[in-house]
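>>> using only what follows, build the 3D model:
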Amino acid sequence: MKKLLILSMMLLSIMFFQVFRLEAITEGFHYGIPYQTYTLNAQNEKIPTQTAYIPVGVFGSSIGLNKPEDIYFHEGLFYIADAGNQRIVVTNPQGDLIHAYISNEFMEPTGVFVKDQFLYIADKQARKVFKMHLQTEVITQIIEKPTSPIYGQNNEFVPTKVAVDNSDSIYIIGEGSTSGVIQVNYAGEFVGYLGINTVPLSLRRILYNFFVGDDELASNLPASPTNVALGTKGSLLTTNVNVYETFKRLNISGVNTLSGNTVYPSSAPSDIHMSSDDYIFMVSDNGEVHEYDANGNLLFYFNTKDAMLTRTLGLTSIPKGITTDQYGNLYIADAGYHQIHIYQKTVFVDLVHEAVTLYNDGRYIESKALWEEILRQNSSFALAQSALGRAFVKEERFNDALDAFYDARDYQGYSDAYWEIRNVAIQNHFGTFALIFILSYVTLKIGLSIYRKSPLYVTYSKKKDAFLEKKLPKELYYAKHILKQPYELFYGIKREERGSYQSGSIVLGLFIMVFLINRYATGFLFRNPNTNTIFIEVAVIIGLFMLYVTTNYLVSTLNDGEGRFKDVFITTSYVLLPYIIFTLPMTFLSNFLTYNELFIFEFYHQIIFIWSLILLFISIKGLHNYTFFEFIKNTLIIIFGMFMIILVGLLIYAFSGQLFEFVISIIREVIYRV
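The predicted model follows:
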């Protein structure tokens, strides 16, 4: 019986494993396609969409491809850098071998480019770039490490990719070339570097450089570009690793000209290509394929990685190169499976491409019907919503445009459409608005004058005075001195007990309430889209407030400060009054502003912030009765102390997580052993 039970459990385990494996293999399969295609919604999140490219075949095995590292399409033929066989292979779209370029000079060709009657080969192991005539197969030029002092004698020359523009300028990607893309002229003379990646200055990097003594380890070397391709209008496309902008479209000055709203791939692309109709394609070693338009708008994304090693049609192992043919079909060079994968574009891609081409040419109305059809098939296609809004603007249907821009989270388009709506409203109703404002002002002045002379005002004044004689209302009313007489307020709190924990907590509560109202009720154009839950917002505010109050008190205790913890708590709460009083008017007004008035919005909030910050600094000096130099010293110590407390807290949090995992692993081990 016991053996039968064990056998049954083993069979069930095997069946479960097979089902799980089948689910893992088929997960993401979309109507027979072994991957799911995605696009972006209004929140820049990837959402499923119609399949863009269908796998239809492979080639390469019959011609003995070995580690194809690059692929280039030229005049109906494919030129493949067959690195493992030290040759350049030429095939037709069916994969038939047309020709093979072989030379004793070739050691590991990893990059290939064709222009006019010449073949350009970047050879990583030979550390050379070869220029070979297509007909005679004679190497007419060899580019080696430049001797120019500008290049840098300590810089290695390890060419991996190459591209040539219409002026015969040669752009070379060098492995480890942190200065950017290497540019040489037609004669092979070094011209300079292009497209150097910047090194962002972060707190982490500053601390690392401060504590690491080794200059080489602590150096701020920029990331080197990893691939290059020609773009339109003289632009150059590059790919990068370990930077936010994982690909760039560089102009002649080396400036990235992609849209500021571009959503960059999270993984480092291994190859980049721009098609003849101006669409950018990228593939990464992990199988991710991205398609963008010329401005950097993500159109499609799918992952071809063969994680389960099934060798299913369309799945790749180590994709290294990507290109398209004259029909827009996609070809990926796979160095792992030693093949070229073929993907045929779908009707939906044709629809999107036609709409995007018209849109980027400024023909918004002509593209309108196409975008409406795209939205009918995928209502969350954000680019379609934005483009439809532009078409509505051209038709002067500004309310419809406003709705479309809102759905697409196109803030600039929303601002432009709302400006038109507001402008029309002002022109049509300015007289009415002015009359209502004047009548309201006159009515208010007359009403107040009559009210102040009536018995009701006398009764109100007596009740107000009686109410303000109570302890808590009196403390709250006294807080207004922070606006004009802050030192008098500090003295009253410290010496005359004109404040309490209760009044301070009420003011802090009002600050939290105003902060949340401002966060969620600010106009659409100025609202922070990355809002957390209310609980997290409140926890962060209270945490930072108490951290400052505690650190301030501890530092003052060690440096002869006169303020008590209670005094610091109350004063810090009252310092927030400018924010509490003056923020909500701008919160209301922001719903009627556009980006043309962005300066007013930002300047207003900057004044409130600077005012509150000055009051905070004054409170340190006035509450603890410091001299100027004592104030400077203790302020710096408070800032440093807060930073150290946060750092220690993060370390404790990290170690506690590891400790928890360690304890859980021990418990599991004990259970397993028992």
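>>> all helices for the stretch 101-250 of the chain, in order.
For the stretch 101-250 of the chain, applying DSSP state H, counting those that start in this stretch gives helices covering 203-211, 215-218.
>>> worst average pLDDT in those helices?
Lowest mean pLDDT of these: helix 215-218, a mean of 49.
>>> now stretch 78-91: mean pLDDT?
Stretch 78-91 comes out at a mean pLDDT of 97.
>>> endpoints of that stretch, how far apart?
Stretch 78-91 has an end-to-end distance of 5 Å (CA to CA, to the nearest Å).
>>> distance of Leu489 relative to Val507?
Going from Leu489 to Val507 by CB to CB, to the nearest Å gives 12 Å. Glycine gets a C-beta too; all of them are placed from N, C-alpha and C.
>>> between the two, what contacts are shared?
Counting by CB atoms under 8 Å, 6 or more residues apart in numbering, the shared contacts of Leu489 and Val507 are Ala479, Tyr574.
>>> the two: which is more packed in?
The residue with more neighbours, out of Leu489 and Val507, is Leu489; 28 against 22, by other CB atoms under 10 Å.
>>> the more buried one reaches Ile482, doesn't it?
Yes - under the criterion of CB atoms under 8 Å, Leu489 makes contact with Ile482 at 5.2 Å.
>>> common neighbours of the two, please.
Common neighbours of Leu489 and Ile482 (CB under 8 Å, 6+ apart) are Tyr574.
>>> where does the chain dip in pLDDT?
Along the chain, the parts satisfying pLDDT under 70 run over 1-31, 200-220, 531-532, 672-674.
>>> could you chop it up by domain?
As recorded under automatic domain parsing, the domains making up the chain are 28-197+216-345, 471-656.
>>> turn those into JSON lines, columns for distance to Phe392.
As requested, these are arranged in JSON lines below (distance: least, CB to CB, whole Å):
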{"stretch": "domain 28-197+216-345", "distance to Phe392": "16"}
{"stretch": "domain 471-656", "distance to Phe392": "17"}
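>>> give me whichever of those domains is most buried.
domain 28-197+216-345 (a mean of 19; mean count of other CB atoms under 10 Å).
>>> how distant is it from the center of its chain?
Offset of domain 28-197+216-345 from its chain centre (CA atoms, centre = their mean, to the nearest Å): 24 Å.
>>> would you mind measuring from Thr73 to His273?
That one is not Thr; residue 73 is Phe. According to CB to CB, Phe73 and His273 sit 9 Å apart.
>>> overlap of the contact sets of these two?
Thr323, Thr324.
>>> list the contacts of stretch 639-652.
For stretch 639-652, the surrounding residues in contact (CB under 8 Å, 6+ apart) are Leu547, Tyr548, Thr551, Leu554, Val555.
>>> look up how far Leu230 lies from Met274.
Separation of Met274 from Leu230 (CB to CB) stands at 7 Å.
>>> any shared contact partners between these two?
Common neighbours of Met274 and Leu230 (CB under 8 Å, 6+ apart) are Leu237.
>>> any idea how far the nearest residue to Leu358 once chain neighbours are set aside lies from Phe437?
Once flanking residues are discounted, Leu358 sits nearest to Ser367: 3.7 Å by CB to CB, 6 or more residues apart in numbering. Applying CB to CB, the value for Ser367 to Phe437 is 43 Å.
>>> neighbour count: these two, which is higher?
Using other CB under 10 Å, the more surrounded residue of Ser367 and Phe437 is Ser367, with 24 against 10.
>>> could you list every residue that touches the more buried one?
Contacts for Ser367 were tallied using CB under 8 Å, 6+ apart; they are Glu354, Ala355, Leu358, Tyr359, Ala387, Ala391.
>>> quick check, Pro34 in contact with Met308.
No - using CB under 8 Å, Pro34 makes no contact with Met308, being 10.1 Å away.
>>> remind me, longest helix of the protein?
helix 628-673 (DSSP state H).
>>> roughly how far is it from the heart of the chain?
With CA atoms, centre = their mean, you get 28 Å for helix 628-673.
>>> helix, strand or coil: sort out Gln502 for me.
Put simply, Gln502 is helix when judged by DSSP: H, G, I helix; E, B strand; the rest coil.
>>> wait, it sits on Leu472?
Yes - judged on CB under 8 Å, Gln502 makes contact with Leu472 at a distance of 6.0 Å.
>>> for Leu309, give me phi and psi.
Main-chain torsions, Leu309, degrees, to the nearest 10: phi 60, psi 40.
>>> and the gap between it and Pro585?
The gap separating Leu309 from Pro585 is 63 Å, by CB to CB.
>>> and Leu616, what helix or strand is that in?
Here Leu616, judged by DSSP states H and E, is contained in helix 598-624.
>>> returning to what we had before: of all the domains of the chain, which lies closest to Ile671?
domain 471-656 (22.5 Å; CB to CB).
>>> Lys464: which element?
Assigned by DSSP H and E, Lys464 falls in helix 455-468.
>>> okay, the residue nearest the centre of the chain and Leu299: tell me how far apart.
A centroid search over the chain (CA atoms, centre = their mean) returns Val263, at 6.1 Å, as the residue closest to the centre. In this view, Val263 and Leu299 are 11 Å apart by CB to CB.
>>> likewise Gly260?
18 Å.
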